[in-house]
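Asks: based on what follows, work out the 3D shape:
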Amino acid sequence: MSHIDIRTTLSYQQNNPLAISLVFNPTRLIRQIEVANKKGDPDIQLKNDPGFKIFRLDDINRGLEASYHAIDYKIEGYDSMEQLVTSTQKFIIDITNFFPKNNVPQTYEKYIDDRITQLNSLFQGTEEYLTTLTYRGEKKRIPEVIENQSKEIRKFVAETIIKIENIKEFMNYLEYKERETLIPQIKAIINKWDEQVVGLDKRIKELKKKF
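Replies: Residues are numbered from 1 along each chain as shown. Predicted coordinates for the structure are as follows:
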C-alpha cells in the first residue's frame, strides 16, 4: 500500500477495528503483471489476478508508520478465478468503448443513428435485390431470399440490442452529479432505436406482401 492508502485505511480502522482496505490496481488486472518497485527490475508476470488486494493495518497506534498485512478473501458467483478475470477484462473493454470520458450523449447518439441507418440500408438493399429478381423472372427465389435476409436483419437487431443493454448498464456508473442531466438525454436517444424495433415485424411483413 502507498502512504495514501495507509492514511485512508488508518482513518477506517480508527473508527472500526474490523475495517479493511481494498486496493485496486488496473494494471494488474488488464496486463496481468506487477510492475517492479525498482527501476531496472523485471515486472512480475501474474496469472488470473483480479487486480486488487485487501489489507488491514497491524497496529493503528503507530499511525502512518503502521505495518499491514494482506487478507484472504473469496469471490463467489464464478466457477473459477480465470472466469472472473476474463469476464472483468471484457467488461473493461466494453465500458471503455461505450462509456467515453467526454460527450457521452453525442457518442451514443452517433452510435444509434449509425445503427438505424444500417438497418434501413439492410431493408433497402433487400428490396432492391428482390426487385432485380422480379425483373429477371426469378420470382421462385424470392421466398428464400426474404427468409435469409430476415434472419440477417434480426441478427443485426439482436446485436444492437445487446450493445444498447450495455449502454443502459453503464448509465449506473455515471457520477451522481451527471445523472440528472445525462440519463434523460441517453434514454431519449435509445428511444429512437426502440421505435425502429417496434415496427420491425411490420416492415418484414410489408416486404413479403410487396413481392
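
Asks: just checking, what packs against the helix or strand harbouring K151?
Replies: For K151, the enclosing helix or strand under DSSP states H and E is helix 142-170. Under the contact criterion of 3 or more C-beta pairs under 8 Å, 6 or more residues apart in numbering; DSSP states H and E, helix 142-170 touches helix 81-98, helix 104-135, helix 176-198, helix 200-210. For glycine as for every other residue, the C-beta is placed from the backbone atoms N, C-alpha and C.

Asks: export those to a markdown table and tack on mean neighbour count, distance to K53 and mean pLDDT?
Replies: A markdown table is the format used below for the helices and strands packed on helix 142-170 (neighbours: other C-beta atoms under 10 Å; distance: least, C-beta to C-beta, whole Å; pLDDT from 0 to 100):
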| stretch | mean neighbour count | distance to K53 | mean pLDDT |
| --- | --- | --- | --- |
| helix 81-98 | 14 | 14 | 87 |
| helix 104-135 | 15 | 32 | 95 |
| helix 176-198 | 13 | 28 | 92 |
| helix 200-210 | 12 | 48 | 92 |
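
Asks: how is this structure carved up into domains?
Replies: 3-96, 100-210 (automatic domain parsing).

Asks: quick one: buried residues of stretch 26-33?
Replies: 28-29, 31-32 (16 or more other C-beta atoms under 10 Å).

Asks: stretch 141-158 now?
Replies: By 16+ other C-beta under 10 Å, the buried positions in stretch 141-158 come out as 146, 149-150, 153, 157.

Asks: quick one: the helix holding K151 to chain centroid distance?
Replies: Computed by C-alpha atoms, centre = their mean, to the nearest Å, the chain-centroid distance of helix 142-170 equals 19 Å.

Asks: list the contacts of the biggest strand by length in the chain.
Replies: Secondary structure of the chain per DSSP state E: the longest strand is strand 52-57. Contacts with strand 52-57, where a contact means C-beta atoms under 8 Å, 6 or more residues apart in numbering, come from 1, 5-6, 9-10, 13, 19-25, 28-29, 66-71, 73.

Asks: which of those count as buried?
Replies: By 16+ other C-beta under 10 Å, these give 6, 9-10, 13, 21, 28-29, 66, 68 as buried.

Asks: need the max-distance pair from those residues.
Replies: Greatest spatial distance in those: L29 and A66, 26.9 Å, computed using C-beta to C-beta.

Asks: next, the residue of the chain most remote from its centre: phi, psi?
Replies: Largest separation from the mean C-alpha position in the chain: G137, at 47.7 Å (C-alpha atoms, centre = their mean). The phi/psi pair for G137 (degrees, to the nearest 10) reads phi 80, psi 30.

Asks: just checking, I60 touches Q13?
Replies: Yes: using C-beta atoms under 8 Å, I60 is in contact with Q13, at 4.9 Å.

Asks: stretch 196-203: end-to-end distance?
Replies: Counting by C-alpha to C-alpha, to the nearest Å, you get 10 Å between the two ends of stretch 196-203.

Asks: now swap in stretch 94-113 and tell me
Replies: Stretch 94-113 end-to-end distance (C-alpha to C-alpha) = 19 Å.
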